[in-house]
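Colleague: Build the 3D model from these lines:
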Amino acid sequence: MARKTSVTFQLSCPKCKVILYPFTTSGIQVDFCTSCSGVWLDQGELEKLYGSWGIVDIEGAAGEPSPDALPRPEQAELGCPACPTDLVRLKVRGAALDSCPGCGGLWLDHGELGPALDSLGKDGDPNKIKELAIAVAARRAQK
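Modeller: So this is what the prediction gives:
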């Protein structure tokens with residue numbers, strides 16, 4: 001995606017609104033929040049991380065959430081850090097994640113990366129995740 005190569009465009013945490021820190025592991029650039037330790041993955045990056053040591057590197061770099069980081073209310077709406085779309089909360093095969101129906105990216109709160117990789121990483125299909133997010137967003141809009 002172009003946003004990864006742009007020097008002028010910085011992503012902000014959908015929870016804390018601080019600038020996300022870009023971090024490269026296993027040849028994949030992810031972005032994490034230095035406050036809440038959440039992780040932003042572009043579409044397809046979760047599947048690329050599966051079977052690599054990337055999760056260890058990411059969790060080590062992100063560390064524990066800051067004591068100042070507020071817990072996320074279950075029903076809180078989060079905006080996508082990469083495009084002007086709201087994220088939708090999905091529970092897929094036991095993994096909880098926030099997916100963007102616009103760009104297909106994933107926001108994972110602290111502690112959600114491991115379960116998401118376990119549940120979806122091996123045979124996950126980023127297009128299916130995005131399609132599910134689009135369907136959930138459409139259903140939400142009808143209400």
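
Colleague: Any chance you could spot the residue sitting in the middle of the protein?
Modeller: W107 (2.0 Å; C-alpha atoms, centre = their mean).

Colleague: Show me what that one is bridged to.
Modeller: Applying DSSP bridges to W107 gives these bridge partners: W40, D98.

Colleague: Which residue, other than its chain neighbours, is closest to C33?
Modeller: Computed as C-beta to C-beta, 6 or more residues apart in numbering, the closest residue to C33 that is not its neighbour in sequence is C13, at 4.0 Å. C-beta: built from backbone N, CA, C; applies to glycine.

Colleague: Okay, the one you found and R139: tell me how far apart.
Modeller: To R139, C13 is 26 Å away according to C-beta to C-beta, to the nearest Å.

Colleague: Compare neighbour counts for these two and give me the winner.
Modeller: Between C13 and R139, C13 has the larger neighbour count (other C-beta atoms under 10 Å), namely 23 against 10.

Colleague: Test my guess that the more buried one contacts S37.
Modeller: No - with contact defined as C-beta atoms under 8 Å, C13 does not count as touching S37 (9.8 Å).

Colleague: need the helix or strand of this protein with the lowest average pLDDT.
Modeller: helix 54-62 (a mean of 68; mean pLDDT, DSSP states H and E).

Colleague: next SSE after that helix?
Modeller: Note on helix 54-62: by DSSP states H and E, the next helix or strand toward the C-terminus is strand 88-92.

Colleague: What is that following strand packed up against?
Modeller: In terms of contacts (3 or more C-beta pairs under 8 Å, 6 or more residues apart in numbering; DSSP states H and E), strand 88-92 is packed against strand 95-99, helix 126-142.
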